[in-house]
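Chemist: how would this look folded up:
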Amino acid sequence: MAVSKKVVDFNKNEDMIRLKISEMENKLETIYMGGGKKRIEKHHGKGKLTARERIEKLIDPGSKTIEIGAFAGDGMYEQYGGCPAGGVVIKIGYVSGRQCIIVANDATVKAGAWFPITGKKNLRAQEIAMDNHLPIIYLVDSAGVFLPLQDEIFPDKEHFGRIFRNNAVMSSKGITQIAAVMGSCVAGGAYLPIMSDESLIVDKTGTIFLAGSYLVKAAIGESIDNETLGGATTHTEVSGVCDYKSESDEDCLATIRDLMSRIGEQDNAGFDRIESKAPKKDEKELYGIFPANRAKPYNTKTVIDRLVDNSKFTEYKKDYGKTIICGYARIDGWSVGIIANQREVVKNAKGEMQFGGVIYTDSADKAARFIMVCNQKNIPLVFLQDVSGFMVGSKSEHAGIIKDGAKMVNAMSNSVVPKFTIVMGNSYGAGNYAMCGKAYDPRLIVSWPTAELAVMSGASAAKTLMQIEVASLKSKGEEVDEVKQQAIYDKIKERYDQQISPYYAASRLWVDAIIDPLDTRKVISMGIEMANHKKATERYNVGALQT
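Modeler: Numbering: from 1, shown residues only. Below is the predicted model:
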């Protein structure tokens with residue numbers, strides 16, 4: 001019996017995405033080893049747990065977590081031996097039943113020294129804590145700034161010093177901060193424990209000082225050992241810097257769990273939640289729905305059916321602006337407003353064909369108005385990105401694509417309900433912006449392994465850049481035949497394809513994580529739960545949409 005083309009395509013798509021997930025898991029397996037087996041063994045030899053082991057013992061057994069920035073630093077700093085996960089592990093999870101974010105220095109990576117990406121990643125953790133009024137726990141074990149790159153981490157606004165500014169801001173906002181010194185805590189980093197609400201230090205392994213014994217000797221001629229200078233006994237009995245002295249890593253983590261269990265309840269944002277229901281459509285079919293050929297159209301509604309509770313989706317303006325899908329659904333019980341790019345080629349009201357994944361004037365107008373309605377109803381927004389950009393050409397320009405595109409960007413930028421962005425496929429140009437890219441403060445932004453983020457596709461960019469280079473060579477009198485032209489194109493496209501990879505984006509924290517599509521519901525649900533900790537402090541202004 002012949003197998004239908006639909007089944008063959010489904011199987012090809014499934015094979016493609018499973019291969020991509022396998023590649024992702026293999027990369028993560030290496031990243032999880034931090035500085036490598038020998039350094040982990042050396043770390044254990046000091047009686048210390050690794051950053052990941054500390055987090056695992058701290059969080060509630062069997063509870064869900066989201067890791068932020070696992071791919072941070074991937075492919076960067078190779079001249080210094082690399083910096084797996086940016087030298088710091090960050091997870092959103094649950095401690096004594098309280099949702100929180102945990103920041104743990106990985107001392108197996110350059111003794112936990114701060115690279116530029118380490119600072120960026122720490123600031124992202126604090127941003128999440130501030131945006132969502134989420135308790136933050138620091139597990140400190142760091143040798144301080146990585147000196148060869150000090151000019152990229154020390155003096156600027158978004159550098160190392162911003163962390164202590166954020167400590168102070170969070171304290172003023174009543175956001176719980178707990179710091180546990182489980183290793184080195186030196187120089188400027190020494191301010192972090194005392195700027196937190198409560199601090200712990202592990203005996204014999206934890207030390208805090210502005211300058212270590214060697215620098216003290218060089219600076220003022222005083223001879224003193226590090227333990228006497230800034231060990232646990234010093235800081236709990238003499239200086240009073242720390243509040244709790246722990247006998248071991250395990251004892252320290254147990255104390256943190258006890259402290260977290262005593263936090264009182266606070267008002268929430270009031271996002272609506274009912275009993276969770278699994279999608280009626282099989283979630284695993286997401287693997288076969290998403291096309292291996294990214295130029296091939298597909299019906300985005302089939303994706304939504306496998307992400308939302310009971311596969312129930314109430315579509316807004318169903319027959320208008322068809323290249324963006326808007327509507328209401330529930331994810332793990334939470335009420336959400338979904339804005340998704342439609343990748344099918346569709347007809348508009350005039351019977352004209354519209355390309356899938358492209359934002360037209362009517363689609364932008366619809367999305368802007370839906371965002372406004374969700375803000376009025378206090379409903380969080382979920383953006384499902386697979387967008388090629390805004391429609392170009394005289395017809396779109398005359399129809400006011402810039403005006404309607406500006407309405408959409410304005411509405412999305414001023415949204416006071418939390419936004420969550422899932423980059424499923426293409427995320428090109430201004431489409432990335434309109435669909436709530438990183439610059440527009442999504443509470444979380446994650447991508448599937450199938451994602452691409454760039455100004456334009458690799459093929460389009462390579463053709464454009466090739467034409468420029470060929471024109472330049474010809475202007476110098478050089479002959480460029482088809483073979484040489486193809487070689488130029490291939491070289492440019494190879495370089496550009498590396499830059500549009502989701503790993504390139506994740507290594508620079510343009511996205512918080514790359515996830516298995518089957519984890520999408522978990523990420524959105526935990527994201528809304530954390531966002532529910534904080535009420536909006538401003539009202540939504542709809543004035544810009546009235547033109």
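Chemist: show me where pLDDT drops low in the stretch 51-200 of the chain?
Modeler: Counting by pLDDT under 70, the stretch 51-200 of the chain contains low-confidence residues at 188.
Chemist: Strands along that one, start to end?
Modeler: In the stretch 51-200 of the chain, the strands defined using DSSP state E, counting those that start in this stretch lie at 66-68, 88-95, 98-105, 136-142, 177-186, 198-202.
Chemist: what angle sits between the fifth one and strand 136-142?
Modeler: What it means is strand 177-186. 10 degrees (axes from the mean of the first three to the mean of the last three CA atoms, to 10 degrees).
Chemist: returning to what we had before: and of the strands of the stretch 51-200 of the chain, who's closest to Asp362?
Modeler: Closest to Asp362 of these, according to CB to CB: strand 66-68, at 35.6 Å. The C-beta positions use only the backbone N, C-alpha and C, and glycine is treated the same way.
Chemist: Distance to Asn226 added to the strands of the stretch 51-200 of the chain, as TSV?
Modeler: TSV is the format used below for those (distance: least, CB to CB, whole Å):
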stretch	distance to Asn226
strand 66-68	32
strand 88-95	23
strand 98-105	18
strand 136-142	14
strand 177-186	9
strand 198-202	13
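Chemist: of all those strands, which lies closest to Lys121?
Modeler: Using CB to CB, these put strand 88-95 closest to Lys121, at 5.7 Å.
Chemist: Run the chain-centre distance for the closest one.
Modeler: When distances are taken as CA atoms, centre = their mean, to the nearest Å, strand 88-95 is centred 13 Å away from the chain's centroid.
Chemist: which other residues reach it?
Modeler: By CB atoms under 8 Å, 6 or more residues apart in numbering, the residues outside strand 88-95 that reach it are 51-52, 55, 58-60, 63-69, 99-106, 112, 118, 121-122, 124-125, 128, 134, 137, 256-257, 260, 526, 530.
Chemist: That one pairs with which strands, parallel or anti?
Modeler: If you go by DSSP bridges, strand 88-95 pairs up with strand 66-68 (antiparallel), strand 98-105 (antiparallel).
Chemist: Export these as CSV, with columns for distance to Lys535 and mean neighbour count.
Modeler: Putting the strands paired with strand 88-95 into CSV (distance: least, CB to CB, whole Å; neighbours: other CB atoms under 10 Å) gives the following:
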stretch, distance to Lys535, mean neighbour count
strand 66-68, 22, 22
strand 98-105, 16, 23
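Chemist: Let me have those in TSV, adding distance to Glu23 as columns.
Modeler: Listed next are the strands paired with strand 88-95 as TSV, based on distance: least, CB to CB, whole Å:
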stretch	distance to Glu23
strand 66-68	17
strand 98-105	26
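Chemist: so what's Ile338 bridging to?
Modeler: Residues in beta-bridge contact with Ile338 (DSSP bridges): Gly327, Val382.
Chemist: Generate a ChimeraX selection restricted to the buried entries among the contacts of strand 88-95.
Modeler: A single ChimeraX command selects the buried members of these (16 or more other CB atoms under 10 Å):
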select :51,52,55,58,59,64,65,66,67,68,69,99,100,101,102,103,104,105,106,112,118,121,122,124,125,128,134,137,256,257,260,526,530
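Chemist: Check which element follows the longest helix seen in the chain along the chain.
Modeler: Longest helix in the chain, counting residues (DSSP state H): helix 5-31. Per DSSP states H and E, the first helix or strand lying C-terminal to helix 5-31 is helix 37-45.
Chemist: follow-up on the earlier one: of the strands of the stretch 51-200 of the chain, which is nearest Glu494?
Modeler: Going by CB to CB, the one of the strands of the stretch 51-200 of the chain nearest Glu494 is strand 66-68, 30.0 Å.
Chemist: What ranges does the stretch 301-450 of the chain have for its strands?
Modeler: 314-316, 324-331, 334-341, 346-347, 353-354, 358-359, 381-387, 389-390, 419-428, 444-447.
Chemist: Dump those to CSV, plus distance to Ile90.
Modeler: Formatted as CSV, those follow (distance: least, CB to CB, whole Å):
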stretch, distance to Ile90
strand 314-316, 36
strand 324-331, 23
strand 334-341, 23
strand 346-347, 41
strand 353-354, 41
strand 358-359, 33
strand 381-387, 22
strand 389-390, 32
strand 419-428, 18
strand 444-447, 12
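Chemist: For stretch 446-462, which residues meet the burial criterion?
Modeler: 446-454, 456-458, 460-462.
Chemist: Could you identify the least confident member of these?
Modeler: Ranked by pLDDT, those bottom out at Gly458 (65).
Chemist: quick one, the longest helix of the chain and strand 88-95 angle?
Modeler: 110 degrees.
Chemist: list the helices and strands helix 5-31 packs on?
Modeler: Judged by 3 or more CB pairs under 8 Å, 6 or more residues apart in numbering; DSSP states H and E, the packing partners of helix 5-31 are helix 286-289.
Chemist: In the helix it packs on, which residues are buried?
Modeler: In helix 286-289, counting by 16+ other CB under 10 Å, buried: 286-289.
Chemist: Sticking with the residue of the chain positioned farthest from its centre, tell me its helix or strand.
Modeler: The outermost residue of the chain relative to its centre, with distances by CA atoms, centre = their mean, is Gly477 at 48.2 Å. Counting by DSSP H and E, no helix or strand carries Gly477.
Chemist: For Arg294, the count of nearby residues, please.
Modeler: Arg294 has 16 neighbours, counted by other CB atoms under 10 Å.
Chemist: Checking it next. Helix, strand or coil?
Modeler: Taken by DSSP: H, G, I helix; E, B strand; the rest coil, the conformation at Arg294 corresponds to coil.
Chemist: Quick one: residues contacting the nearest residue to it once chain neighbours are set aside.
Modeler: Excluding the flanking residues, the one nearest Arg294 by CB to CB, 6 or more residues apart in numbering is Gly425, at 5.9 Å. Gly425 makes contact with 290, 294, 343, 357, 385-386, 448, 450-452, according to CB under 8 Å, 6+ apart.
Chemist: Pick out the most distant pair among those.
Modeler: Gly357 and Trp448 (15.0 Å).
Chemist: rewinding a little: who wins for proximity to Asp490 among the strands of the stretch 51-200 of the chain?
Modeler: Closest among the strands of the stretch 51-200 of the chain, using CB to CB: strand 66-68, at 35.8 Å.
Chemist: Now tell me what touches the closest one from outside.
Modeler: Looking at what lies outside strand 66-68 - CB under 8 Å, 6+ apart - the contacts are 89-93, 101, 121, 124-125, 128, 444, 512-513, 522-523, 526-527.
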